[in-house]
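**Student:** Provided below for reference: sequence and predicted model.
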Amino acid sequence: MANVEHKVSLISGIHDLLPNRTGGAIMQKNLEILGDIQYTQDEIDFALDMQKANGKPLIGIDGKIRPLRETLESPGGGSTDVGDVSYNVPVVSLAATTAPKGVPWHSWSVVASSGMSIGHKGMLHAAKALGMSMIDIYKDKKLREEIKKEFDERIGDYNYDPYLNPGPPPIDYVD
């Protein structure tokens, strides 16, 4: 090394996501009730244009509802502070199509798709599934107890502690 002194300060940190399969099964049931997202020919053509502009295969857009996947030990990809929430309360989540397949995320193609009917359909579909699931959970005491039981079993004797100290931020801000 260059014999340079340094100090390492942890300024962010997140827990992995602790899934709740019981709640996920309810969400899956409601997504299946809603069915696949249907697209107009104009939306399909837009998706193909976005793929072409990015040099990606022209495979269109896919609004199919897929089966609930197995819970992975190391799901990988992306980050979210919802992981920290999931160590405090049961969390149920879903993914909804808001852009064509294969276009790069965090790009103008996704922004354009999300801001038009493709994105609107995906978010409306997700909102319906979430709402239906929350009604199911609210109305069914036994289901709430099963979700809580699974949470308690998954969390075990783990004591959640945020990775960050509750002290001042690492940077002094000047007003």
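**Tutor:** Sure thing, it's come through.

**Student:** immediately after the helix or strand bottoming out on mean pLDDT in the chain, which helix or strand?
**Tutor:** Here the helix or strand of the chain ranked lowest by mean pLDDT, DSSP states H and E is helix 82-86, holding a mean of 89. Where DSSP states H and E defines the elements, the next helix or strand beyond helix 82-86 is helix 108-114.

**Student:** hmm, who's touching the following helix or strand past that following helix?
**Tutor:** Remark: after helix 108-114, the chain's next helix or strand is helix 117-139, criterion DSSP H and E. The list of residues contacting helix 117-139 from outside it, by CB atoms under 8 Å, 6 or more residues apart in numbering, reads 23, 26-27, 30-31, 33-34, 37, 39-40, 43, 46-47, 61, 63, 92, 94, 96-100, 113-114, 143-144, 147. C-beta: built from backbone N, CA, C; applies to glycine.

**Student:** circling back: give the buried residues for the least confident helix or strand of the chain.
**Tutor:** By neighbour count with 16 or more other CB atoms under 10 Å, helix 82-86 contains the buried residues 84, 86.

**Student:** now swap in stretch 35-42 and tell me
**Tutor:** Applying 16+ other CB under 10 Å to stretch 35-42 flags 37, 39 as buried.

**Student:** wait, what's in contact with the residue nearest to residue 154 when sequence neighbours are not counted?
**Tutor:** Nearest residue to residue 154, sequence neighbours excluded (CB to CB, 6 or more residues apart in numbering): residue 18, at 5.7 Å. Neighbouring residues of residue 18 by CB under 8 Å, 6+ apart: 83, 86, 87, 91, 151, 154, 155.

**Student:** can you tell me the helix or strand for residue 18?
**Tutor:** Counting by DSSP H and E, residue 18 is part of no helix or strand.
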